[in-house]
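Chemist: Give me the fold of what follows.
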Amino acid sequence: MIYIAFLTRDPLTTFNSIYAYTKTRGFPKKILILYTDESLLNKLLSSLKLLFEIYGKDISISTRKIENDFSDIKEVFEGIKEEFIVDITGARKSQIIALMSFLRRGKISYLKLEDMKYAHLPFMMRPMPVQRIMEVNLDEYN
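Modeler: Numbers count the residues shown, from 1 in each chain. Sure, this is the predicted structure:
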């Protein structure tokens, strides 16, 4: 299974979502980061590598620069043949709309934060009752 995450504005948003997923669902073996701004990418990658190292887990991380248009995002998903979960926590609305227009399989994940006053904190420093992973399995609807 490949875990696909968007990095568009803040590395902490994407990191928190991946961290929450590992704590509640387990560690994925592969991660694909879809990013729009390369200046944010290195911070996220170093944080993810440290997280997996601390827990003694192996990780394969690949990255792909994308634009905010429909065809770029569709091309990425058309090339994925294995089972996947796509995390939309760090995605822009236009990227989510693009996904909704063609995605018919896989799972969609989102880290829901009930109180935004904790948004600036890392996942494990937030009260657990105000955050949870939301997940939809598209295979159940098709």
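
Chemist: Counting neighbours, which bits of the longest helix seen in the chain end up buried?
Modeler: Secondary structure assigned by DSSP state H gives helix 38-54 as the longest helix of the chain. Neighbour counts over helix 38-54 (16 or more other C-beta atoms under 10 Å) mark 40-41, 44-45, 47-48, 51-52 as buried. (Each C-beta comes from the backbone N, C-alpha and C, glycine too.)

Chemist: now, which of those residues sits nearest residue 109?
Modeler: residue 48 (15.8 Å; C-beta to C-beta).

Chemist: hmm, back to that, what helices and strands are in contact with the longest helix of the chain?
Modeler: If contacts are counted by 3 or more C-beta pairs under 8 Å, 6 or more residues apart in numbering; DSSP states H and E, helix 38-54 sits against strand 2-7, helix 11-25, strand 30-35, strand 60-65.

Chemist: now with 6 Å?
Modeler: The contact analysis (3 or more C-beta pairs under 6 Å, 6 or more residues apart in numbering; DSSP states H and E) places helix 38-54 against helix 11-25.

Chemist: what pLDDT does residue 39 get?
Modeler: For residue 39, the pLDDT comes out at 91.

Chemist: and residue 136, helix, strand or coil?
Modeler: strand (DSSP: H, G, I helix; E, B strand; the rest coil).
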